[in-house]
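Q: Here is a sequence with its predicted model. Questions after.
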Amino acid sequence: GKLAETDLVREGEIPIQSVDDMFIVQTENSIIKLRAEAPLMERFENDSLSYELFPKGIAVYGYTEEGKLETQIIADNAKHLKFKDGRETWSAFGNVVVTNLINQEIMETDTLYWDQKNE
């Protein structure tokens, strides 16, 4: 469940790494899939998982198979969990705005949660 995952992230832990002005690009077969930018990323690690927090907000850009910019997600705060079994989840919260640039659709929500395996 959702609660158990949040419990794994313990308050007050000291980050093992802090990155200012972070910029991530994920590509597949040399086609860009995802781009993310954040003013601050803090990485933490414990027995069961490593996770990254983005306390000053994040902007994520998702691309289609052809490499066309499709989705833009902006949030005040985000969390990226990487479990030891290889599973990864992302959650974004606080004034989350999801824009589908192809369909010209905008969705505003307080929390967005997605699992990288299940899209």
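A: On my side now, so go ahead. Note that the coordinates shown come from a computational prediction; the quantities given were computed from them, not determined experimentally.

Q: in the protein, which spans are helices?
A: For the chain, the helices defined by DSSP state H occupy 2-8.

Q: Quick one: low-confidence residue ranges for it.
A: 1-12, 116-119 (pLDDT under 70).

Q: Work out which residue lies at the spatial centre of it.
A: Per C-alpha atoms, centre = their mean, the C-alpha nearest to the average position across the chain is that of Trp90, at 4.5 Å.

Q: for the protein, longest strand please?
A: Secondary structure of the chain read by DSSP state E shows that its longest strand is strand 31-45.

Q: What strands line up against it, and which way round?
A: strand 17-28 (antiparallel), strand 49-54 (antiparallel), strand 58-63 (antiparallel) (DSSP bridges).

Q: Any chance you could give me the second one in PDB, C-alpha atoms only?
A: Extracted as PDB, the C-alpha positions of strand 49-54 are listed here (Å, rounded to 0.1, in the frame of the first residue of the first chain):
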ATOM      1  CA  LEU A  49      15.600   1.800  -1.000                       C
ATOM      2  CA  SER A  50      17.300   4.900  -2.200                       C
ATOM      3  CA  TYR A  51      15.200   7.900  -2.800                       C
ATOM      4  CA  GLU A  52      15.500  11.400  -4.100                       C
ATOM      5  CA  LEU A  53      13.600  14.400  -2.900                       C
ATOM      6  CA  PHE A  54      13.000  17.600  -4.800                       C
END
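
Q: How many residues are close by the closest residue to Gln72 other than its chain neighbours?
A: Excluding its sequence neighbours, the residue lying closest to Gln72 (C-beta to C-beta, 6 or more residues apart in numbering) is Thr99, at 4.5 Å. C-beta: built from backbone N, CA, C; applies to glycine. Thr99: 17 surrounding residues under other C-beta atoms under 10 Å.
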